[in-house]
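*Asks:* Build the 3D model from these lines:
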Amino acid sequence: MIDLSERLGFKAGFSPEDSKFCFDNPADSGEEWKKSLASKVIEAEKERFLWQSMMFAQEFTDSEGNITTCPELKRFYPKNPDSVLYSGYRGVGSGNPNFSKLALRQLRFDLTLIPPGGIGKEFMRTEGHEHLLGFPEIYSVIYGRAGFLLWTMNIDRENDAMFAEAGEGEHVIFPPGYAHISINTGGSQLILADIVSKNAGPRFMRIKTKNGGPWWGILKENQLEFVKNPRFKDFYPDGQGLRRVIPAPEVPKLGLRKGMPLWELSGKVADNLNFLNYTNTDRRDDELYAQAFLHYNQRL
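*Replies:* You can find the predicted model right below:
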């Protein structure tokens, strides 16, 4: 059992052998959720399955996201299609006074667990989502190694896509208006913590229609390689590749630094988290987002 108490801000442990969390106070576990390839959502009277957000789904769907042929899912993921693909908890730490200021600001502290492995050619990942209101989000790697694919999906924004990889103790700020997919790029279980607005409104339909993001992360010669998703053919700016960024070791505007547990933001500097409830249309948080990444000219 790995003790995660210092990293989470409340007493909890994790067993990598059976992928289970143990919360000393049941109130800290929040609301548990689980996703499988067969999980489905209904938005705007349309139904989509989680598997439709994956690279292999392009063989079985048309350009509008409609299923043309039902796949044999075990070809791409040997477990039962109804078995848990990845899981998590919403609103953890509610039994701990450290998190009371989050609730007052309409914010929530969540956990996500992504196992190692793959789905078809892709690294194990989440289905991905965008926020209905375009709100930002903060993620932190608690255990393992993660990659985050971020891209714009709003018609009033210039097309942009970037990839950030992070290890334990590193934090990644998702700018407003960016859809996102979390990828387990390591060989162990991946545990992520995040703080997000309760009003963010996750939406999945457009990503499922296009079978993922503008790039897919695949395993090639024991390396992570990105290939373009042809259903984003009008997305790529000037034929450019995926922009690689590195999470900044410190974000002074937020009071956040590498190695600092994310939950500490819920205490004395909680006022700094108000930006999570805004889309920055008035540019008030430009300095914060400019500090979030170390930018490189390298394209993947």
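*Asks:* Mind listing the residues bridging to the closest residue to residue 130 other than its chain neighbours?
*Replies:* Sequence neighbours aside, residue 179 is the residue nearest to residue 130 in space, at 3.9 Å (criterion: Cβ to Cβ, 6 or more residues apart in numbering). All C-beta atoms are positioned from the backbone trio N, CA, C, and that covers glycine. Beta-bridge pairing for residue 179 (DSSP bridges): residue 151.
*Asks:* Check the gap between residue 179 and residue 244 for me.
*Replies:* According to Cβ to Cβ, to the nearest Å, residue 179 and residue 244 sit 18 Å apart.
*Asks:* and what of residue 129?
*Replies:* Distance of residue 129 to residue 244, given as Cβ to Cβ: 22 Å.
*Asks:* picking that back up, the residue nearest to residue 130 is in contact with residue 150, isn't it?
*Replies:* Yes. Between residue 179 and residue 150 a contact is recorded at 7.2 Å, counting by Cβ atoms under 8 Å.
*Asks:* With neighbour numbers in mind, choose between residue 129 and residue 244.
*Replies:* Legend: neighbour count by other Cβ atoms under 10 Å for residue 129 and residue 244, higher for residue 129 (20 against 17).
*Asks:* ok, what's across the strand from the more buried one?
*Replies:* Beta-bridge partners recorded for residue 129 (DSSP bridges): residue 180.
*Asks:* Let me see the contact set for it.
*Replies:* By Cβ atoms under 8 Å, 6 or more residues apart in numbering, residue 129 lies in contact with 179-180, 202-204, 207.
*Asks:* and residue 104, how many neighbours?
*Replies:* 9.
*Asks:* what's around residue 99, how many residues?
*Replies:* 25.
*Asks:* repeat for residue 279
*Replies:* 16.
*Asks:* mind listing the strands for the stretch 1-150 of the chain?
*Replies:* For the stretch 1-150 of the chain, the strands defined by DSSP state E, counting those that start in this stretch occupy 2-3, 12-15, 20-23, 31-35, 40-43, 46-49, 86-90, 107-114, 118-119, 122-123, 130-131, 137-143, 146-152.
*Asks:* Now tabulate those in CSV and tack on mean neighbour count and distance to residue 224.
*Replies:* Putting the strands of the stretch 1-150 of the chain into CSV (neighbours: other Cβ atoms under 10 Å; distance: least, Cβ to Cβ, whole Å) gives the following:
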stretch, mean neighbour count, distance to residue 224
strand 2-3, 13, 25
strand 12-15, 18, 24
strand 20-23, 16, 27
strand 31-35, 13, 22
strand 40-43, 13, 28
strand 46-49, 18, 26
strand 86-90, 20, 18
strand 107-114, 23, 15
strand 118-119, 17, 11
strand 122-123, 20, 6
strand 130-131, 22, 23
strand 137-143, 23, 16
strand 146-152, 23, 7
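*Asks:* got those as CSV, with distance to residue 211 and mean pLDDT columns?
*Replies:* CSV is the format used below for the strands of the stretch 1-150 of the chain (distance: least, Cβ to Cβ, whole Å; pLDDT from 0 to 100):
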stretch, distance to residue 211, mean pLDDT
strand 2-3, 35, 92
strand 12-15, 32, 92
strand 20-23, 31, 90
strand 31-35, 16, 94
strand 40-43, 15, 83
strand 46-49, 11, 88
strand 86-90, 18, 94
strand 107-114, 19, 94
strand 118-119, 12, 92
strand 122-123, 11, 94
strand 130-131, 15, 92
strand 137-143, 23, 96
strand 146-152, 13, 95
